[in-house]
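K.L.:
Fold the following.
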Amino acid sequence: MQVAVPDVVYRELLRRAEGRGMSISECLAEIAVEGLDPLDAALSYIEGAKDLLRQARIELERGDLRQASERVWGACALAIKAHALRRRGRRIESHAELWAYKNEVARELGDWVRAVFRQADSMHKNFYENLATREDVEDALREVEKLVKAVDEALAPVGDSKRVAEASGGKP
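P.N.:
Prediction:
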C-alpha cells in the first residue's frame, strides 16, 4: 500500500527518520504505536515487519533493489523493536540502540541473529549506496524472514498458537 503525502510532510518525516538513524517506515511505525499498550505495540511492530517483507518481495520483483533493501532493513528493525517492547517494556528509538539490543535477542534466539542483523544493516546502507546485487538482497530477505518468524514465535502470548500458526502459513 502506498500513501501520498505532501512533499513538505515527506521531507519532515525523512529529516526526523534520518536524525534518529531509521527509515521512514520505522518512523511511521513509531508514530502509529505511540501510546499503545506494550503488547499491542509489539504485535503491531511484528505485523509491520511482515508487511515490509511482503513489500520487499514486490520491490524485488519490480527490480527496485534499493527499495527492497530498505524494506528488508525496516522489517529487521521492527522485529528487534518488538522484542524489546514485549520482553523489556522498552522502546528503542535509535539505530545505536538497535545495535546494542540485537545482542539480547541473540542471547535468546541464537548467535545467528547478530549475522542477520548485520546483513540487514548492509541493506540499509544499500538504500543509499545502491551497490548490492539482486542475490545479496534475496539472501538478506530470506534471512530476515527467518528472524521475523522467530521473534514472532518467541513473543506470542501464551495460548496464542493460532496467531503464530497463521503467521507461518499453518494451522494451530
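K.L.:
C-alpha from now on. contacts and neighbour counts both.
P.N.:
Will do.
K.L.:
which one is the residue positioned nearest the centre of the chain nearest to, not counting chain neighbours?
P.N.:
Nearest to the geometric centre of the chain sits Ala75, at 2.0 Å (CA atoms, centre = their mean). Among residues not flanking Ala75 along the chain, Ala49 sits closest, at 4.0 Å (CA to CA, 6 or more residues apart in numbering).
K.L.:
Check whether the one you found sits in a helix, strand or coil.
P.N.:
In terms of secondary structure, Ala49 is helix; the call rests on DSSP: H, G, I helix; E, B strand; the rest coil.
K.L.:
do you know how far it is from Ala106?
P.N.:
Going from Ala49 to Ala106 by CA to CA, to the nearest Å gives 18 Å.
K.L.:
So what's the residue count around the residue nearest to Ala75?
P.N.:
31 (other CA atoms under 10 Å).
K.L.:
next one: the one 3 residues further on
P.N.:
By other CA under 10 Å, the residues close to Leu52 number 22.
K.L.:
For the helix or strand hosting it, which outside residues touch it?
P.N.:
Using DSSP states H and E, Leu52 falls within helix 38-62. Helix 38-62 is contacted by residues 29, 33-34, 65, 67-72, 74-76, 78-79, 81-83, 85-86, 89, 134, 137-138, 141, 145, 148, 152 when judged by CA atoms under 8 Å, 6 or more residues apart in numbering.
K.L.:
so of the residues you listed, which ones are in helices?
P.N.:
29, 33, 65, 67-72, 74-76, 78-79, 81-83, 85-86, 134, 137-138, 141, 145, 148, 152 (DSSP state H).
K.L.:
Worst mean pLDDT across the helices and strands of the chain, which element?
P.N.:
Lowest by mean pLDDT, DSSP states H and E among the helices and strands of the chain is helix 161-167, with a mean of 48.
K.L.:
what stretches of the chain score poorly on pLDDT?
P.N.:
Scanning the chain for pLDDT under 70 picks out 1-3, 5, 22, 32-33, 35-36, 158-172.
K.L.:
Tell me how far Asn126 lies from Arg11.
P.N.:
Counting by CA to CA - Asn126 and Arg11 are separated by 20 Å.
K.L.:
Those two - which one has more neighbours?
P.N.:
Higher neighbour count among Asn126 and Arg11: Asn126, with 21 against 12, using other CA under 10 Å.
K.L.:
quick one: the more buried one and Thr133 touch, right?
P.N.:
No: counting by CA atoms under 8 Å, Thr133 is not a contact partner of Asn126; they are 9.6 Å apart.
K.L.:
Which residue, neighbours along the chain excluded, lies closest to Ser23?
P.N.:
Per CA to CA, 6+ apart, closest to Ser23 is Ala17, 5.6 Å.
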